[in-house]
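Novice: Got a sequence here, can you build the structure:
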Amino acid sequence: MRTSENETAYELGASRTLWELIERRAALTPDAPVLIQSADDPADDRTLTFGELRDRAERVAAGLYAKGVRPGTVVAWQLPTRIETALLSFALARVGAVQSPVIPFHRDREVGFALRESKAEFFAVPGVWRGFDHTAMARSLAEQGGFTVFEAYDELPDGDPSVLPAPPADGTSVRWIYWTSGTTSDPKGVLHTDRSLIAGGSCLAHALHLTSSDVGSMAFPFAHIAGPDYTVMLLLYGFPAVMFERFALPDALDGYRRHGVTVAGGSTAFYSMFLTQQRQLPPGERLIPTLRLLAGGGAPKPPEIYHSVVREMGCQLTHGYGMTEVPMITMGAPDDTAENLATTEGLPPEGMRIRITDAEGAELPPGTDGEVRLRGEAVCQGYLDPGQSADVFDADGFLITGDLGHVKESGHLVLTGRAKDIIIRKGENISAKQIEDLLHQHPAVGDAAVIGLPDPERGERVCAVVEQPPGAPELTLEAVTSYLRGEGLATYKLPEQLEVVEALPRNETLRKVLKYRLRERFSRP
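Specialist: Numbering: from 1, shown residues only. Down below sits the predicted model:
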């Protein structure tokens, strides 16, 4: 049975655009907080209300308009999890620009590719952030791409909203380009609309049974697809989230406690980090006294993690299934059974159709493993590359995920594996082929295979297995990571384990490397 808050949230979820959703929430609860910036010094904490979000974002939109940003203009941004980042993003939504968020940890290789492929006309960066000069990188790339670079860390463009045209009314036009590695060496640009992002966020919000009394948390990059997912949830139910620009435990715990966070999470790696901290406390003492729910997705969740969280942290754990192409597919609900919460990815929302098929696309009955295919409003419009779009949708319009699993009679989804050759580390997809291609260029590498190995803290860790040519100097992990850094590979993609073998295992037909044998050999309990 829905409460009045539920009814309001469902009504708001029918908004055509994100800007319409902001205006409707701001009209309902203008003085309620929506974003809380947690700082190292509590005196530096900042809070933004729903009304301020609407008003300040509109002024930023006017400033962007004065710079030349118009409806349809492609604006890329690579910014940390800050109030200013949210303001810039919603300002772009007000103008009707096409946004291309880029994860802050990406470097020249990935950033340059995203800027070229999206044909970005503007690029917003944080200046020097965490010791890296994003402005210098952006200006160097601009010499090749011809886009305008501006900083958007503390100061944002400002202007008179009266100069703005009417807000966009169409929520089904492509206004978002998110980036995913997939199985290829270059990222893929995923095309989203306001409506697909609202649908994804609505799935998350309704499944978690939240209320205006809750306090959430954003400990992940706002540029991730989870950014709009989470923000839509705040707008639907009218509660705030604490933003962590630099998330690390135990340092961030004071922010969680200070602001009374009730809902936290991110991915399996986050659950493990919280558990590690909990186990350092005396029996019976809760790590975050106000916490009632850990929620997340982005990586496989071992059942024992669920049981450990519930038993040791004294809160519920719900896990879901999503991807850049479909920000939220299924989500566990706090009032579901322990069996379902521990062993499934939850239920799909109304309107999300999950089809399990065989290799030829024929639908399989419940309980039978096969390939997971999806159709619904939260599904992306395809990729920037039309050829990639043609390959990912079947004849019935279902997205072919490449993931394997089955649906129980109850409707709960169980994932059993991945057909895609990707590594999921701390919720981020890493292309094995991209790293392999770079390793093959190293003079001391004859051949290489990159695999993901189970890791209790990261979900998976990156392991490089290499053959060396005769007479080559012995490789070390330090030498490999130093080389990859020099090639512009993002830090989070660097191998954490190196294995040198005499010969990679291969099949007898096409001499394809048998990665499953490597995983069996080098996995550790």
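
Novice: shaky segments in the protein?
Specialist: Along the chain, segments meeting pLDDT under 70 span 1-2, 181-185, 299-300, 417-421, 507-512, 524-525.

Novice: Give me the outermost residue of the protein relative to its centroid.
Specialist: Ranked by distance from the centre of the chain (CA atoms, centre = their mean), the top residue is G471, with 43.2 Å.

Novice: Look at that one and give its secondary structure.
Specialist: Here G471 is recorded as coil under DSSP: H, G, I helix; E, B strand; the rest coil.

Novice: Now it: phi and psi?
Specialist: When quoted as degrees, to the nearest 10, the phi and psi of G471 stand at phi 80, psi 0.

Novice: same question, R25
Specialist: The phi/psi pair for R25 (degrees, to the nearest 10) reads phi -70, psi -40.

Novice: If you count neighbours, what's buried in stretch 496-504?
Specialist: By neighbour count, with 16 or more other CB atoms under 10 Å as the criterion, the buried positions of stretch 496-504 are 498, 504. (Each C-beta comes from the backbone N, C-alpha and C, glycine too.)

Novice: Which residues does that stretch contact?
Specialist: For stretch 496-504, contacts defined as CB atoms under 8 Å, 6 or more residues apart in numbering pick out 447, 449, 453, 461-468, 474-477, 480, 513, 518, 522.

Novice: cutoff 6 Å now
Specialist: Outside stretch 496-504, the residues that touch it by CB atoms under 6 Å, 6 or more residues apart in numbering are 447, 449, 461-467, 477, 480, 513, 522.

Novice: Kindly list the longest helix within the protein.
Specialist: Longest helix of the chain, by residue count under DSSP state H: helix 50-67.

Novice: Just the CA trace of that one, in CSV.
Specialist: Taking C-alpha atoms only, helix 50-67 is exported to CSV below (Å, rounded to 0.1, in the frame of the first residue of the first chain):
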residue,chain,number,x,y,z
PHE,A,50,15.9,22.0,-3.4
GLY,A,51,14.9,25.7,-3.9
GLU,A,52,18.5,26.8,-4.1
LEU,A,53,19.3,23.9,-6.5
ARG,A,54,16.6,25.2,-8.9
ASP,A,55,17.5,28.9,-8.5
ARG,A,56,21.3,28.6,-8.7
ALA,A,57,21.2,26.1,-11.5
GLU,A,58,19.2,28.5,-13.5
ARG,A,59,21.7,31.3,-13.0
VAL,A,60,24.5,28.9,-14.0
ALA,A,61,22.5,28.0,-17.1
ALA,A,62,22.3,31.7,-18.0
GLY,A,63,26.1,32.0,-17.5
LEU,A,64,26.6,29.0,-19.8
TYR,A,65,24.2,30.5,-22.3
ALA,A,66,26.3,33.7,-22.4
LYS,A,67,29.3,31.5,-23.2
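
Novice: List the buried residues for it?
Specialist: For helix 50-67, burial by neighbour count (16+ other CB under 10 Å) applies to 50-54, 56-65.

Novice: Give the other helices and strands that that helix contacts.
Specialist: Applying 3 or more CB pairs under 6 Å, 6 or more residues apart in numbering; DSSP states H and E, one finds that helix 50-67 contacts helix 18-28, helix 83-95.

Novice: where does T211 fall, phi/psi-wise?
Specialist: T211 adopts backbone torsions of phi -140, psi 170, taken as degrees, to the nearest 10.

Novice: for it, what are its contacts?
Specialist: E5.

Novice: mind redoing it with 10 Å?
Specialist: 3, 5-6, 9, 237-239, 262 (CB atoms under 10 Å, 6 or more residues apart in numbering).

Novice: Could you tell me which of those count as buried?
Specialist: Buried among those (16+ other CB under 10 Å): 5-6, 9, 237-239, 262.

Novice: Mind checking which of the residues you listed are in helices?
Specialist: With helices defined by DSSP H, the entries of those inside them are 5-6, 9, 237.

Novice: just the helices in the stretch 301-450 of the chain please.
Specialist: Remark: helices assigned in the stretch 301-450 of the chain by DSSP state H, counting those that start in this stretch are 303-308, 338-343, 386-392, 432-439.

Novice: right, so of the ones you listed, which gets closest to P126?
Specialist: When the helices of the stretch 301-450 of the chain are ranked by distance to P126, counting by CB to CB, first place goes to helix 432-439 at 24.6 Å.

Novice: Show me what the closest one is packed up against.
Specialist: helix 108-118, strand 422-425, strand 447-455, strand 459-467, helix 477-486 (3 or more CB pairs under 10 Å, 6 or more residues apart in numbering; DSSP states H and E).

Novice: so D186 makes contact with Y383?
Specialist: No - the pair D186 and Y383 does not pass the contact test of CB atoms under 10 Å, sitting 11.4 Å apart.

Novice: Can you name the residues that contact the nearest residue to G189 once chain neighbours are set aside?
Specialist: Nearest-residue entry for G189: L384, 3.4 Å, with adjacent residues in sequence omitted and distances by CB to CB, 6 or more residues apart in numbering. By CB under 10 Å, 6+ apart, the contact list for L384 reads 100, 114, 117-119, 174, 177, 179, 187-191.

Novice: which of these sit farthest apart?
Specialist: Every pair in the contacts of L384 was compared (CB to CB); the two farthest apart turn out to be V174 and P187, at 16.9 Å.

Novice: of those two, who's got more company?
Specialist: Taking other CB atoms under 10 Å, V174 and P187 do not tie; P187 has more neighbours (25 against 16).

Novice: shouldn't that one be in contact with R116?
Specialist: No - counting by CB under 10 Å, R116 is not a contact partner of P187; they are 11.1 Å apart.

Novice: how about JSON lines for the helices and strands packed on helix 432-439, with distance to R16 added?
Specialist: As requested, the helices and strands packed on helix 432-439 are exported to JSON lines (distance: least, CB to CB, whole Å):
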{"stretch": "helix 108-118", "distance to R16": "24"}
{"stretch": "strand 422-425", "distance to R16": "33"}
{"stretch": "strand 447-455", "distance to R16": "40"}
{"stretch": "strand 459-467", "distance to R16": "36"}
{"stretch": "helix 477-486", "distance to R16": "45"}
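
Novice: Save those as JSON lines, and put in mean neighbour count and distance to D437 too.
Specialist: Converted to JSON lines, these look like this (neighbours: other CB atoms under 10 Å; distance: least, CB to CB, whole Å):
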{"stretch": "helix 108-118", "mean neighbour count": "20", "distance to D437": "11"}
{"stretch": "strand 422-425", "mean neighbour count": "22", "distance to D437": "15"}
{"stretch": "strand 447-455", "mean neighbour count": "21", "distance to D437": "9"}
{"stretch": "strand 459-467", "mean neighbour count": "22", "distance to D437": "12"}
{"stretch": "helix 477-486", "mean neighbour count": "15", "distance to D437": "11"}
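
Novice: what's the closest of these to E377?
Specialist: Closest of the helices and strands packed on helix 432-439 to E377 is helix 108-118, at 23.5 Å (criterion: CB to CB).

Novice: That'll do, ta.
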